[in-house]
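Peer 1: coords below, sequence missing:
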Ligand code: FES
């Protein structure tokens with residue numbers, strides 16, 4: 001057993017032998033940003049102040065040789081070797097905020113819907129105690145070794161019955177997504193790990209919110225939106241969704257409900273592959289790539305909290321465009337392509 005000491009807060013977290021620093025922190029509710037959980041993205045990188053650790057296999061693009069020499073480590077793969085490992089992360093008054101993840105929690109597939117030509121929605125109900133999660137987090141599904149574990153964000157806010165709504169994107173070369181979208185049927189049992197991730201809304205946010213989603217990045221954005229509106233969030237909430245065509249806008253019923261139920265909620269859509277057609281629906285919409293037109297749609301973002309989720313490139317481009325408008329705060333959720341599967345992964349940026 002080692003002890004992980006956080007600097008500057010001084011909090012100490014036990015790390016059983018063989019456990020990674022990230023897993024030990026999550027088990028105690030600490031939301032260390034992470035993404036691939038496999039040493040390929042660098043999101044969990046922190047400076048190690050003292051102590052020794054086994055870094056495990058981490059790609060140089062995630063943690064360069066220079067960074068290693070400077071004392072940085074990727075905590076998703078790092079295992080302490082010394083009694084104490086001091087890392088620089090968090091603020092002086094940092095507190096644990098997450099629910100400890102659980103593994104192999106059986107869920108029954110109670111609904112399966114073809115949401116769009118490329119997205120299948122699975123609704124899962126737990127057989128035992130519900131997984132407790134924060135809106136914006138994700139779970140892992142898979143059946144290793146045949147179907148590697150992949151990350152999928154919840155598209156709903158937590159419910160008393162523990163139902164999880166997951167939007168699975170069909171990926172031509174993704175074993176897990178192909179299994180989930182083609183083979184898994186209503187009534188099947190799936191084992192779920194989670195929750196993971198730190199792309200969570202700040203309940204203390206008291207400013208207007210702009211939520212930007214591209215493709216299947218809509219799932220965590222929907223979860224955050226539903227949770228905020230249900231708890232009576234009073235400021236303006238705008239959901240800006242980048243879709244290829246009108247048939248990629250999902251789930252229509254839920255979006256219509258939110259629009260009619262909450263006067264402070266507004267949905268806008270940008271279409272990237274749809275010719276301009278003034279008759280293509282009631283939803284306010286634009287045509288073109290979102291990053292390039294963001295400043296036309298929202299000339300001012302000061303005092304606005306912005307959440308962005310989607311593919312890595314989409315999030316990077318939108319973040320650059322948003323930062324130029326000097327927003328209040330920006331939270332991002334890039335989805336990383338992992339060995340053929342797009343997976344929903346988390347970072348609070
Ligand atoms: S390298 Fe650690 S989460 Fe990606």
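Peer 2: Ah, there it is. Being a predicted model, the structure only gives us computed values, none of them experimental.
Peer 1: low-confidence ranges in this protein?
Peer 2: 202-204, 274-282, 336-349 (pLDDT under 70).
Peer 1: can you map out the helices along it?
Peer 2: 21-27, 65-69, 175-178, 218-230, 252-261, 290-297, 312-323 (DSSP state H).
Peer 1: I'd like those as TSV, with mean neighbour count and distance to residue 147 appended.
Peer 2: In this view, the C-beta of every residue, glycine as well, is placed from N, C-alpha and C. Formatted as TSV, those follow (neighbours: other C-beta atoms under 10 Å; distance: least, C-beta to C-beta, whole Å):
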stretch	mean neighbour count	distance to residue 147
helix 21-27	23	22
helix 65-69	11	33
helix 175-178	22	4
helix 218-230	25	20
helix 252-261	13	28
helix 290-297	16	33
helix 312-323	18	23
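Peer 1: out of those helices, which gets nearest to the ligand?
Peer 2: helix 21-27 (6.8 Å; C-beta to the nearest ligand atom).
Peer 1: residue 156 - how many residues pack around it?
Peer 2: 17 (other C-beta atoms under 10 Å).
Peer 1: phi, psi for it please.
Peer 2: Main-chain torsions, residue 156, degrees, to the nearest 10: phi -130, psi 160.
Peer 1: nearest residue to it in space, please, no chain neighbours.
Peer 2: In space, and not counting its chain neighbours, residue 156 is closest to residue 165: 4.2 Å by C-beta to C-beta, 6 or more residues apart in numbering.
Peer 1: wait, the one you found touches residue 154, no?
Peer 2: Yes: using C-beta atoms under 8 Å, residue 165 makes contact with residue 154 at a distance of 6.5 Å.
Peer 1: tell me which of those two has more neighbours.
Peer 2: Taking neighbours as other C-beta under 10 Å, residue 165 and residue 154 compare with residue 154 leading, 29 against 23.
Peer 1: who does the more buried one form a beta bridge with?
Peer 2: Legend: beta-bridge partners of residue 154 under DSSP bridges are residue 166.
Peer 1: tell me the spacing between it and the ligand.
Peer 2: According to C-beta to the nearest ligand atom, to the nearest Å, residue 154 and the ligand sit 19 Å apart.
Peer 1: what does residue 309 give?
Peer 2: The value you get for residue 309 to the ligand, if C-beta to the nearest ligand atom is used, is 17 Å.
Peer 1: how about that residue, what does it touch?
Peer 2: 153, 199, 212-214, 217-221, 315, 332-335, 344 (C-beta atoms under 8 Å, 6 or more residues apart in numbering).
Peer 1: the closest residue to the ligand within the stretch 51-200 of the chain: how many residues sit nearby?
Peer 2: As assessed by C-beta to the nearest ligand atom, the ligand sits closest to residue 76 within the stretch 51-200 of the chain, at 3.2 Å. Per other C-beta under 10 Å, the neighbour tally for residue 76 reads 25.
Peer 1: now do residue 185
Peer 2: So residue 185, with other C-beta under 10 Å, has 9 neighbours.
Peer 1: surely residue 120 is in contact with residue 178?
Peer 2: No: using C-beta under 8 Å, residue 120 makes no contact with residue 178, being 10.6 Å away.
Peer 1: can you work out which residues contact both of the two?
Peer 2: By C-beta under 8 Å, 6+ apart, the residues touching both residue 120 and residue 178 are residue 170.
Peer 1: looks like residue 312 contacts residue 319 (just checking).
Peer 2: No: assessed by C-beta under 8 Å, residue 312 is found out of contact with residue 319, at 10.7 Å.
Peer 1: grab the nearest non-local neighbour of residue 104.
Peer 2: residue 191 (4.7 Å).
Peer 1: wait, what's in contact with that neighbour?
Peer 2: Going by C-beta under 8 Å, 6+ apart, the list of residues near residue 191 reads 104, 105, 106, 107, 141, 143.
Peer 1: now these: which count as buried?
Peer 2: Buried members of the contacts of residue 191, counted by 16 or more other C-beta atoms under 10 Å: 105, 107, 141.
Peer 1: grab the nearest non-local neighbour of the second one.
Peer 2: Right, the one you point to is residue 107. Residue 107 sits nearest to residue 124 (C-beta to C-beta, 6+ apart), 3.8 Å away.
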